[in-house]
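**Q** Any chance you can model this:
(one chain, ligands or ions: 1)
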Amino acid sequence: MAHAPPAGVALTAIGVALIRERESRRPDRLYDDPLAAAFVAAAREDFHRTVDGAARWSRVESLAEQFFAGRSVGVRLVDDRVADAVAAGCRQIVLLGAGLDTRAFRMDLPAEVTVFELDLPELFAFKEPVLRAAGARPTARRHVLPIDLRAEWSTALRAKGFRADLATHWIDEGALGYLPVAEHRRVLADLTALSAPRSRFGLSRFVVDHDAPPYAELRRLVAGGTGAGDVERPGERWLAEHGWRTEFVAWDDMIVPLGRDVAVGDPDVGVVLAVRGHA
Ligand SMILES: C[S@@+](CC[C@H](N)C(=O)[O-])C[C@H]1O[C@@H](n2cnc3c(N)ncnc32)[C@H](O)[C@@H]1O
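**A** Next up is the predicted model:
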């Protein structure tokens with residue numbers, strides 16, 4: 001029996017699995033993630049074993065519903081960037097705060113690609129038994145690193161076979177925003193030091209009202225997690241100053257081909273796409 005993270009930031013991964021499970025059921029789905037249903041079923045069962053589990057599960061479901069439209073499109077945009085990176089020759093993919101992501105299984109990535117998944121130990125204590133029970137087999141090589149990004153992690157990454165001389169595609173889909181700013185900066189510095197020329201990184205640029213109801217509820221739900229304020233996050237300028245070529249793409253332009261009604265009407269919201277230049 002896999003135990004779902006009961007609280008803290010690892011719980012947010014269950015919310016995103018709910019989103020991917022819902023998207024996968026749509027006839028016009030933007031991606032298909034069959035394993036999301038296995039995570040959702042296991043988490044639901046585990047939540048319902050505890051006294052207030054049914055109520056907490058409803059809160060997670062309700063939050064996932066509120067974030068669904070934008071977040072689901074965001075998953076697909078990251079899928080597209082992964083496919084582009086692999087086509088451009090990246091043979092290493094590192095997921096910072098991998099959560100219940102299953103790209104190593106569902107994207108038909110080539111066997112010569114290695115996916116490194118970094119997340120908290122309690123997350124993998126739930127994820128790995130569910131994957132085993134589902135008989136899931138990754139198409140790419142997959143390594144799991146139960147680590148805390150607030151501590152030093154690059155030694156563990158190298159120990160799993162990561163090579164700093166190969167181009168890497170780094171993915172952050174929300175984990176870095178949970179770190180205190182100093183640790184956020186250190187993670188960027190560490191991944192920069194490990195990035196061979198032509199490595200890639202996408203950094204989201206949001207303008208959100210953190211006091212708006214869904215964000216306030218999310219904060220309450222993960223209370224006890226790594227939580228962090230939203231001041232002076234390193235962004236495009238930091239990357240440019242540290243040897244990355246950057247290009248900003250507005251969210252409203254990226255979503256056009258996907259045909260979903262999730263425009264934000266703010267040209268400053270989008271993703272900074274960074275490619276590591278030659279040293
Ligand atoms: C919003 S979830 C996103 C998960 C995944 N990337 C996805 O899109 O499904 C954020 C993830 O970051 C992880 N995370 C947050 N703080 C972390 C830390 N200090 N060290 C490692 N992982 C962390 C959480 O456990 C969680 O799985």
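
**Q** residue closest to the middle of the protein?
**A** In the chain, the centroid-proximal residue (Cα atoms, centre = their mean) is residue 173; its distance is 3.2 Å.

**Q** Test my guess that it contacts residue 77.
**A** No - using Cβ atoms under 8 Å as the test, residue 173 is too far from residue 77 to be in contact (10.0 Å). C-beta here means a position set from N, CA and C on the backbone, and glycine is covered the same way.

**Q** returning to what we had before: give me the local confidence score for the residue nearest to the centre of the chain.
**A** pLDDT for residue 173: 93.

**Q** For it, list the residues it contacts.
**A** 16, 74, 75, 78, 95, 97, 99, 101 (Cβ atoms under 8 Å, 6 or more residues apart in numbering).

**Q** Swap in 10 Å and give it another go.
**A** Contacts for residue 173 (Cβ atoms under 10 Å, 6 or more residues apart in numbering) come out as 13, 16, 71, 74-75, 77-78, 95-99, 101, 202, 204.

**Q** what's the answer for residue 30, then?
**A** Shown in contact with residue 30 (Cβ under 10 Å, 6+ apart): 20, 23-24, 72-77, 79-80, 258-260.

**Q** thinking again about what came up before, same for the ligand: which of the contacts of residue 173 are within range?
**A** On the criterion Cβ under 6 Å from any ligand atom, 13, 16, 97, 98, 99, 101 are the entries of those that sit beside the ligand.

**Q** Among the residues you listed, which ones are in helices?
**A** 13, 16 (DSSP state H).

**Q** can you redo the ones next to the ligand among the contacts of residue 173 as TSV with neighbour count and pLDDT?
**A** Shown next, in TSV, are these (neighbours: other Cβ atoms under 10 Å; pLDDT from 0 to 100):
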residue	neighbour count	pLDDT
13	26	96
16	22	97
97	25	96
98	27	97
99	24	97
101	25	98
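
**Q** and the gap between the residue lying farthest from the centre of the chain and the ligand?
**A** Largest separation from the mean C-alpha position in the chain: residue 51, at 30.1 Å (Cα atoms, centre = their mean). When distance is defined by Cβ to the nearest ligand atom, to the nearest Å, residue 51 is 24 Å away from the ligand.

**Q** Go through the strand or helix carrying residue 36 and flag the buried ones.
**A** Take DSSP states H and E as the rule and residue 36 turns out to sit in helix 34-47. For helix 34-47, the neighbour count (16 or more other Cβ atoms under 10 Å) marks 35, 36, 37, 38, 39, 40, 42, 43, 44, 46, 47 as buried.

**Q** Is residue 275 located within a strand, as I assumed?
**A** Yes - Residue 275: assigned to a strand according to DSSP: H, G, I helix; E, B strand; the rest coil.

**Q** hey, where'd the helices end up in the stretch 151-279 of the chain?
**A** For the stretch 151-279 of the chain, applying DSSP state H, counting those that start in this stretch gives helices covering 154-159, 181-193, 213-221, 236-241, 251-254.

**Q** My impression was that residue 93 belongs to a strand - is that right?
**A** Yes - applying three-state DSSP, one finds residue 93 inside a strand.

**Q** shared neighbours of residue 173 and residue 77, anything?
**A** 202, 204.

**Q** Looking at this structure, which helix is longest?
**A** With secondary structure taken from DSSP H, the chain has its longest helix at helix 53-87.

**Q** what's the spacing between it and its chain's center?
**A** Helix 53-87 sits 9 Å away from the centroid of its parent chain (Cα atoms, centre = their mean, to the nearest Å).

**Q** With stretch 110-129 instead?
**A** Chain-centre distance of stretch 110-129: 12 Å, with Cα atoms, centre = their mean.

**Q** buried sites along it?
**A** Buried residues in stretch 110-129, defined by neighbour count with 16+ other Cβ under 10 Å: 113-120, 122-124, 126-127.

**Q** Tabulate the CA atom coordinates of it in CSV.
**A** Extracted C-alpha coordinates of stretch 110-129, given in CSV (Å, rounded to 0.1, in the frame of the first residue of the first chain):
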residue,chain,number,x,y,z
PRO,A,110,14.5,7.1,-27.0
ALA,A,111,16.4,4.5,-24.9
GLU,A,112,19.6,6.6,-25.1
VAL,A,113,18.0,9.4,-23.2
THR,A,114,18.4,9.5,-19.4
VAL,A,115,15.8,11.1,-17.3
PHE,A,116,16.8,12.1,-13.7
GLU,A,117,13.9,12.7,-11.4
LEU,A,118,14.7,14.8,-8.3
ASP,A,119,12.1,15.2,-5.5
LEU,A,120,11.6,14.8,-1.8
PRO,A,121,11.9,11.2,-0.3
GLU,A,122,8.3,11.2,0.8
LEU,A,123,7.2,11.8,-2.8
PHE,A,124,9.1,8.8,-4.2
ALA,A,125,8.0,6.6,-1.2
PHE,A,126,4.5,7.0,-2.8
LYS,A,127,5.4,7.2,-6.5
GLU,A,128,7.7,4.1,-6.9
PRO,A,129,5.3,1.5,-5.3
